[in-house]
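[1] sequence and predicted model, in that order:
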Amino acid sequence: MKNIFISILFLTTLVSCHKETKNNATIVKDCTGDYIRIDSKDYFICNDEMAINFKNNTQVYVEYNTVDKCDQPNDAICLMLHLSEGAIKITKIK
């Protein structure tokens with residue numbers, strides 16, 4: 001029984017910390033915040049300080065983890081809506 005619990009906990013951890021790597025990502029910036037565009041889908045960057053040195057529409061290599069929501073609130077103030085596929089935290093970008 002204990003082994004089953006440990007196995008379920010381990011699998012849950014693996015699924016929740018899914019790490020991705022993409023070579024064909026694009027930085028997208030507007031008044032709502034910073035995004036990574038992959039396969040025509042935008043993902044909100046929670047830790048946007050990682051993308052501060054990249055201009056809008058820059059092609060990048062990026063490693064990231066998907067997250068349920070961002071830890072800190074979005075500081076962007078504008079009346080525009082930017083639909084996204086979810087939130088990510090960048091672990092490496094170049």
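    Perfect, thanks for sending it.

[2] from now on I want contacts and neighbour counts done on CA atoms only, so please keep to that.
    Noted.

[3] all strands for this protein, in order.
    19-30, 33-38, 41-45, 59-67, 87-93 (DSSP state E).

[4] lowest confidence element among the helices and strands of this protein?
    helix 2-16 (a mean of 44; mean pLDDT, DSSP states H and E).

[5] before we move on, the earlier item: turn the strands of the chain into JSON lines, columns for distance to residue 80 and mean neighbour count.
    Output for the strands of the chain, formatted as JSON lines (distance: least, CA to CA, whole Å; neighbours: other CA atoms under 10 Å):
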{"stretch": "strand 19-30", "distance to residue 80": "9", "mean neighbour count": "17"}
{"stretch": "strand 33-38", "distance to residue 80": "10", "mean neighbour count": "22"}
{"stretch": "strand 41-45", "distance to residue 80": "14", "mean neighbour count": "21"}
{"stretch": "strand 59-67", "distance to residue 80": "23", "mean neighbour count": "17"}
{"stretch": "strand 87-93", "distance to residue 80": "18", "mean neighbour count": "18"}
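
[6] any regions of the chain where pLDDT drops low?
    Applying pLDDT under 70 to the chain picks out residues 1-22, 74-76.

[7] at 50 what do you get?
    Counting by pLDDT under 50, the chain has low-confidence residues at 2-16.

[8] can I assume residue 31 is in contact with residue 82?
    No: contact status for residue 31 versus residue 82: not in contact, 9.2 Å apart, counting by CA atoms under 8 Å.

[9] could you find the closest non-adjacent residue to residue 82?
    In space, residue 82 comes closest to residue 32 once its chain neighbours are excluded; the distance is 6.7 Å by CA to CA, 6 or more residues apart in numbering.

[10] for that neighbour, phi and psi?
    phi -90, psi -10 (degrees, to the nearest 10).

[11] what about it, neighbour count?
    Residue 32: 17 surrounding residues under other CA atoms under 10 Å.
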